[in-house]
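Colleague: Let's see this in three dimensions:
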Amino acid sequence: MSKIQSKSRRPLNPKFRTKEASEERDTGINSTILNNARKSGQLNLSGRNLETVPSEIWHININAPEGSESLSFSVDERWWDQTALSKLILASNKLSALSEDIKLLPALSVLDVHDNKLTSLPDALDELVNLQKLNISHNELVELPPSVCRCKSLLYLHAEHNKLTVLDENIGNIYCLEDLDVSHNQLTCLPNTVNGLTRVSKFNCSHNRLKDLPLGIASMNALRMIEATHNEIQSIPEEIGLLHHLEQLYLRHNQIKELPVLQGTALKELHLGNNNIKELSPKHLEHLLSLLVLDIRDNKLTELPVEITLLTRLHRLDLTNNDLSSIPYEVGDMASLDSLQIEGNSLKSIRRDIIMRGTVGLLKYLRSRIQEPEAVQESQDKGGFPWTESVAEKRNSKHMLNTTHCLDYSNNSATEVPEEVWWSAKESQVIAVNLNKNCLQAIPDHITSLSETLNELHIAGNKLTTVIAELSICSRLIVLDLSNNQLTGLPQELETLVGLRDLTLSYNRFSALPACVYRMKSLENLLASDNSISSIDIDGLSCLQRLAVLDLQNNDIAAVPPELGNMSLRALQLGGNRFRVPRPNIIAKGTPAVLEYLRSRITT
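Modeller: So this is what the prediction gives:
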């Protein structure tokens, strides 16, 4: 080494290194981490095997750091010019308790202590007047500490995966709460005082031992989603119909025998699978006109009323494993229906090979069996029930834009939509547009005139080869159905549709999922069957944290990445591809088995 090089290198300070190493051995916390926390107001101490929280954490904004006796006015060393700690993450440690000194962090707005061994929380918790987000999940709490119910500023409370047997009656006092998760506990009932939680939009009480839902839930006016699967619920209060903002209701794996008439809701998804429901009546269906998804699989239905066709927006209907002997042929005319599952029934009028053709083949068969008008008239003359005419009249009511806010211009063999139709739709503040089964070669430019209100666009069964980039200004879109067209790609501009929850791309010519899809962060249902997709982009799919349903059937996929097993999917369809692993017998076992198999193949 040259003399110049040796002079330019700064000598190591063994005293400094020994002191810092000693600090980390004693507390597990490096002083540099604490100094950075004083600057940023955020401290992450997750995954450090801490059994107790070092006292200097609670005093981080009170005590001067050691070694600050010699004053320095440099920007990096002005310890008194600090930011109050607002975010503290202590997740994935071995903590069994938190000190009452937590009150010394009054600016704290986020406290994350999930995945520890906590059996209690400090009484002083309610002194954190700015606390908005509290994650106490994956601990050993047997009750929700009273101090939590005194945290009046809380917006987010997650207490899932504990040992809770009861919720404090004062939980209704957290009147600012917006997101509540008490799933995976041992709750047998919920207090009626939940009626005070009028701002909660997302409520998860699944995987408990609940016998019913309290009447008080009907007063939680902001609810958009109720997740109550895997309980022992036997009945549902009809007052749930008063929840006008409710969009998603998950009640699978319960003991429900009878479904109440849910008047007044704007439900988009109703999941009733794995119960004991015997009847779905016309009266039920007349109040579910906004449904997009109806899952009533694994029940005891003996009849499906023809009024199911009133659900003109329905795009997924699962009737698997019931006691149905027939399906109304008029279901074949449900233009928006993308997925119809009827396996596991004792159907006498539909051969199994027809069922195995999939949704498109099944709907085509049902349409072919619809009686001609002459035959219907003859049936009425003989005293038959004139249901066809009455249903047709009800379906025509969807053209009353001012009452339904739905523009239905489907099944017209149209090459364009008249301009006056769009003006009427805009004046009526239409939220759903159905252009299915026409001869459109492009999405009409006038669709952008509905950008301020449009939630759903169905344009399946046309001749689209491209999608206009201007569709991206319809930022309120929740449902987009582009199936049965000739599309090979989507414009990158559509990545701005961050509120989109349902995207259907089936029966097109995609060789890969478009890149913009992976930017749609709210996506829950992605249907892309019957294309030419050759690979699965696991990095892209991993960006879709809310994805629950993924349908990639009948493509050209050569391999399935094992990491797909780490995704929290409720339904994964992979059949009809050319990969050899997983084998067909694994695929046939259903989604949980496939995901478990894929996880087992991840190499560490």
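
Colleague: so where's the stretch 1-150 of the chain uncertain?
Modeller: 1-28, 63-81 (pLDDT under 70).

Colleague: typo on my end, it should be the chain
Modeller: Using pLDDT under 70, the flagged stretches of the chain are 1-28, 63-81, 264, 371-404, 604.

Colleague: Which residue ranges of the stretch 251-400 of the chain form strands?
Modeller: In the stretch 251-400 of the chain, the strands defined using DSSP state E, counting those that start in this stretch lie at 269-271, 293-295, 316-318, 339-341.

Colleague: Could you do the stretch 451-600 of the chain as well?
Modeller: 456-458, 479-481, 502-504, 525-527, 549-551, 571-573.

Colleague: nearest to T496, of those strands?
Modeller: Of all these, strand 479-481 sits nearest to T496, with 12.7 Å by C-beta to C-beta. Every C-beta, even on glycine, is put in place using the N, C-alpha and C of the backbone.

Colleague: what packs against the closest one?
Modeller: For strand 479-481, the packing partners by 3 or more C-beta pairs under 8 Å, 6 or more residues apart in numbering; DSSP states H and E come out as strand 456-458, strand 502-504.

Colleague: just to revisit the earlier point, make JSON lines out of the strands of the stretch 451-600 of the chain and add mean neighbour count and distance to S424.
Modeller: Formatted as JSON lines, these follow (neighbours: other C-beta atoms under 10 Å; distance: least, C-beta to C-beta, whole Å):
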{"stretch": "strand 456-458", "mean neighbour count": "23", "distance to S424": "17"}
{"stretch": "strand 479-481", "mean neighbour count": "24", "distance to S424": "21"}
{"stretch": "strand 502-504", "mean neighbour count": "24", "distance to S424": "26"}
{"stretch": "strand 525-527", "mean neighbour count": "24", "distance to S424": "30"}
{"stretch": "strand 549-551", "mean neighbour count": "21", "distance to S424": "34"}
{"stretch": "strand 571-573", "mean neighbour count": "19", "distance to S424": "38"}
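
Colleague: Mind putting those strands into CSV with distance to N35?
Modeller: Converted to CSV, the strands of the stretch 451-600 of the chain look like this (distance: least, C-beta to C-beta, whole Å):
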stretch, distance to N35
strand 456-458, 52
strand 479-481, 49
strand 502-504, 46
strand 525-527, 45
strand 549-551, 45
strand 571-573, 47
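
Colleague: was I right about Y175 contacting T198?
Modeller: Yes - with contacts counted by C-beta atoms under 8 Å, Y175 reaches T198, the gap being 6.9 Å.

Colleague: Looking at these two, which has the bigger crowd around it?
Modeller: T198 (15 against 12; other C-beta atoms under 10 Å).

Colleague: got a list of what the more buried one touches?
Modeller: Y175, S219, M220, N221, A222 (C-beta atoms under 8 Å, 6 or more residues apart in numbering).

Colleague: Next: K426.
Modeller: Contacts of K426 (C-beta under 8 Å, 6+ apart): S449, L450.

Colleague: how near is it to L289?
Modeller: Using C-beta to C-beta, to the nearest Å, K426 is found at 22 Å from L289.
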